[in-house]
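Enquirer: generate a structure from the sequence data that follows.
(one chain, ligands or ions: 2)
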Amino acid sequence: VTKIIELNNGHIEEKAIKEAGEVIKNGGLVAFPTETVYGLGANALDEDAVGKIFEAKGRPQDNPLIVHIGDISQIYELVEEVPEKALMLMEKFWPGPLTLLFNKNEKVPLKTTGGLQSVAIRMPKNEIAIKLINESKVPIAAPSANLSGKPSPTNASHVIEDLLGKIDIIIDGGTTGVGVESTVLDISTDIPTILRPGGVTLENLLTVFPKVEYDPALESKDKDLVPKSPGQKYKHYSPKANMKIVYGTIEDMSKKINELKDYYTLEGMKVGILATSQTKEKYDLDNTLVLGDRENLESIASNLFDMLRKFDKLEVDIILSEGFEEKGIGKAIMNRMKKAAGGDIIYLD
Ligand code: TXA
Ligand code: MG
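Expert: Ligands and ions are numbered 1, 2, ... in the order given. Below is the predicted model of the structure:
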C-alpha cells in the first residue's frame, strides 16, 4: 500500500518529513514535489533502491536518473571535481530547474547513471524536496514520477493515477510551479550544450556564457544523430489520443484548426482543441481546453501536462493544438508538445 501524506496547506510537518526520510534511508520509494514536476525518489547511492525506481516506472535501464541534492556542498559526495563553469552556474541558478552533468565518483552506482560515467545533478527549489533530502541524509535519485511514456506529473493526483500501490509514499505538496522539467546542460564541451530544454532558458544561460547551443540531435530527423541525453530518444509525454500541432499567426492557426476539427468530426472522431485565453472564443467545440495566456508562456508551461492528462479523461480521439514561439520557455513547451504529438506539426506561413 502507498501512504499519501498531505502537506499542501503551506505547513510542512516535521514528523511527516522524518517518516519519508526514513523510507528513503531504508531503500524505499517516495514521490515528492519539486518546482518543476513531481519526482520519484530513492537513495541515489543504493543500487537496489534505484532499481525499484526503474521497475515502478517501467523505465528503460539505459535512461539515467537525475540526482537531487539538498545543499550545494553535497555535490562533493558524488563527483571528484567541480569545474569552474559549473560553479558559475550553480551560484546563479541553484536551487532551480538546471541539471548539470559531472564526472561521477566511484560511490555513484552505474545503475543510477544508466551505465554512463557522467552523473546529472541538480538542487531543486522546493522546501519539501530540500527538507526530504536533508532529512534522509543521502542524495536522492529522482526521475519524473509518471509511468514511462506518460506526461510528467504536476500535481499529486497525477502521481496517484500512475503509481498508487507501486511505491511507499506520495507526498502531496500541491501543484508544482514551472510545470516542465529542468534544463539538462552539458558543460564538458567548449560551448555549453543544452541536451533537454527546460525551466532555465537559453536566454538565461547566455547571461553567463557568450555562446550556448542545443544538442543538434534534438531537432534532427536524422536517425543517425543520437541525442546525448538518452531520455530524448524515447516516446514521451504521450496522451492517449493522437495529437497534431498547428503553428502560425492567431488568425491562420485558428482557421486551420477549425477546418481540421470539421474534417475529423465528419470522419466520426471525437476532437479536442488545446487553445489559449486569447483564442478560445474562436472555437465552437465543447472539448476546448485553455492552456493559459499566450502573453505569459510561463502559464502555458505550468498547465501543459495537466491539460494532456485532461484529454485522456475526456477520451478524445484527436487533439488539435496551437503552437508557440520557440523563445524563452517556449522552447521547452514546444519540445514537450512535439514529443506528445510524435512530431506531427503543421507550420503555416
Ligand atoms: O525537473 C526535472 O528534471 C525532474 C524533477 C523530478 O527533478 N526530473 C526529471 O527526470 O525530469 P527524468 O528522469 O524524467 O529526466 C531526466 C533526463 C532524461 O532525459 C535523462 O536521459 C537525462 O535527464 N539524463 C540524466 N542523466 C544524464 C546523463 N548522465 N547524461 C545525459 N543525460 C542524462
Ligand atoms: Mg521524465
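Enquirer: number of residues surrounding whatever residue of the stretch 101-250 of the chain ends up closest to ligand 1?
Expert: Residue nearest to ligand 1 within the stretch 101-250 of the chain: residue 231 (2.1 Å; CB to the nearest ligand atom). Using the backbone N, CA and C atoms, a C-beta is placed for each residue, glycine as well. The number of residues packed around residue 231, counting by other CB atoms under 10 Å, is 23.
Enquirer: what's the answer for the one 3 residues further on, then?
Expert: Applying other CB under 10 Å, we find 14 other residues in the vicinity of residue 234.
Enquirer: ok so, going back, tell me the contacts of the residue lying closest to the residue of the stretch 101-250 of the chain closest to ligand 1 once chain neighbours are set aside?
Expert: The shortest distance from residue 231 to any non-neighbouring residue, by CB to CB, 6 or more residues apart in numbering, is to residue 63 (5.1 Å). By CB atoms under 8 Å, 6 or more residues apart in numbering, the residues touching residue 63 are 114, 143, 230, 231, 234.
Enquirer: any weak-confidence spans in the stretch 151-300 of the chain?
Expert: The stretch 151-300 of the chain contains no residues with pLDDT under 70.
Enquirer: measure residue 159 to residue 192 for me?
Expert: Distance of residue 159 to residue 192, computed by CB to CB, to the nearest Å: 32 Å.
Enquirer: those two: who's more crowded?
Expert: The neighbour comparison of residue 159 against residue 192 (other CB under 10 Å) goes to residue 159, with 28 against 20.
Enquirer: in what helix or strand does that one lie?
Expert: Secondary structure assigned from DSSP states H and E places residue 159 in helix 156-163.
Enquirer: is residue 178 in a helix, a strand, or coil?
Expert: Assigned by DSSP: H, G, I helix; E, B strand; the rest coil, the conformation of residue 178 is coil.
Enquirer: number the residues from 456 up from this point.
Expert: Taking 456 as the first residue, the last one we looked at is residue 633.
Enquirer: quick one: it and residue 755 touch, right?
Expert: No - using CB atoms under 8 Å, residue 633 makes no contact with residue 755, being 11.4 Å away.
Enquirer: where do the strands of the stretch 656-804 of the chain begin and end?
Expert: 668-669, 697-702, 726-730, 743-745, 773-777, 800-802 (DSSP state E, counting those that start in this stretch).
Enquirer: per-residue pLDDT, the nearest residue to residue 577 once chain neighbours are set aside?
Expert: Closest residue to residue 577 apart from its sequence neighbours, by CB to CB, 6+ apart: residue 554 at 4.2 Å. For residue 554, the model assigns a pLDDT of 98.
Enquirer: now tell me what touches the helix or strand harbouring residue 554 from outside.
Expert: Under the criterion DSSP H and E, the helix or strand holding residue 554 is strand 553-558. Taking contacts as CB under 8 Å, 6+ apart, the residues outside strand 553-558 that touch it are 521, 530, 533-538, 541, 544-545, 572-577, 637-643, 650, 653-655.
Enquirer: list the buried residues for it?
Expert: 553, 554, 555, 556, 557 (16 or more other CB atoms under 10 Å).
Enquirer: quick one: the fourth one and residue 516, what's the gap?
Expert: With distances taken as CB to CB, residue 556 is found 19 Å from residue 516.
Enquirer: how about the helices in this protein?
Expert: Secondary structure of the chain (DSSP state H): helices located at 469-480, 502-512, 539-548, 582-591, 611-618, 657-660, 705-721, 752-769, 785-795.
Enquirer: kindly reformat these as CSV containing distance to ligand 1.
Expert: Formatted as CSV, these follow (distance: least, CB to the nearest ligand atom, whole Å):
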stretch, distance to ligand 1
helix 469-480, 14
helix 502-512, 9
helix 539-548, 13
helix 582-591, 8
helix 611-618, 11
helix 657-660, 15
helix 705-721, 29
helix 752-769, 11
helix 785-795, 10
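Enquirer: in TSV: those helices, plus distance to residue 680.
Expert: Output for those, formatted as TSV (distance: least, CB to CB, whole Å):
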stretch	distance to residue 680
helix 469-480	37
helix 502-512	26
helix 539-548	25
helix 582-591	34
helix 611-618	31
helix 657-660	19
helix 705-721	30
helix 752-769	26
helix 785-795	16
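Enquirer: which one of those helices lies closest to residue 677?
Expert: When the helices of the chain are compared for distance to residue 677 using CB to CB, the nearest one is helix 785-795, at 15.8 Å.
Enquirer: show me what that closest one is packed against.
Expert: strand 697-702, helix 752-769 (3 or more CB pairs under 8 Å, 6 or more residues apart in numbering; DSSP states H and E).
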